[in-house]
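[1] 3D, please:
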Amino acid sequence: MARLLRIDVARGWYHVITRGIERGRIFRDAHDCQHFVELLSSLPKHLEVELHAFVLMHNHYRLPSAY
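    Residues are numbered from 1 along each chain as shown. From the prediction side, this is the model:
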């Protein structure tokens, strides 16, 4: 069964989380992790969001942000 649609709230807060398959690694090495951080730096301007923090772990990341 498909999940319910997310509620889209103007100026709302969102907590984005992504995990690796079977909680496996999503970054191969420090270079991959650094590249991801560089991509994150372009996210606010590109998507018109405010990225308030981020957490990078070897098997997942979290992006609390306002849209």
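
[2] Around residue 61, how many other residues sit close by?
    For residue 61, the count of nearby residues is 20 (other Cβ atoms under 10 Å). Every C-beta, even on glycine, is put in place using the N, C-alpha and C of the backbone.

[3] Confirm that it sits in a helix.
    No. According to DSSP: H, G, I helix; E, B strand; the rest coil, residue 61 belongs to no helix; its state is strand.

[4] got a pLDDT number for it?
    Listed pLDDT for residue 61 reads 92.

[5] Next up, identify which helix or strand the nearest residue to it once chain neighbours are set aside is on.
    Closest residue in space to residue 61, ignoring its immediate chain neighbours: residue 18 at 5.8 Å, by Cβ to Cβ, 6 or more residues apart in numbering. In the assignment (DSSP states H and E), residue 18 maps to strand 13-19.

[6] what packs against the helix or strand following that strand?
    Next along the chain after strand 13-19, taking DSSP H and E as the criterion, comes helix 30-47. Contact here means 3 or more Cβ pairs under 8 Å, 6 or more residues apart in numbering; DSSP states H and E; on that basis helix 30-47 packs against strand 50-51, strand 55-56.

[7] If you average pLDDT over each of the ones you listed, which is lowest?
    For those, where the average pLDDT is lowest is strand 50-51, sitting at a mean of 84.

[8] neighbouring strands for that one, and are they parallel or not?
    Sheet pairing for strand 50-51, assigned by DSSP bridges, gives strand 60-66 (antiparallel).

[9] the inter-axis angle of the partner strand versus helix 30-47?
    20 degrees (axes from the mean of the first three to the mean of the last three Cα atoms, to 10 degrees).
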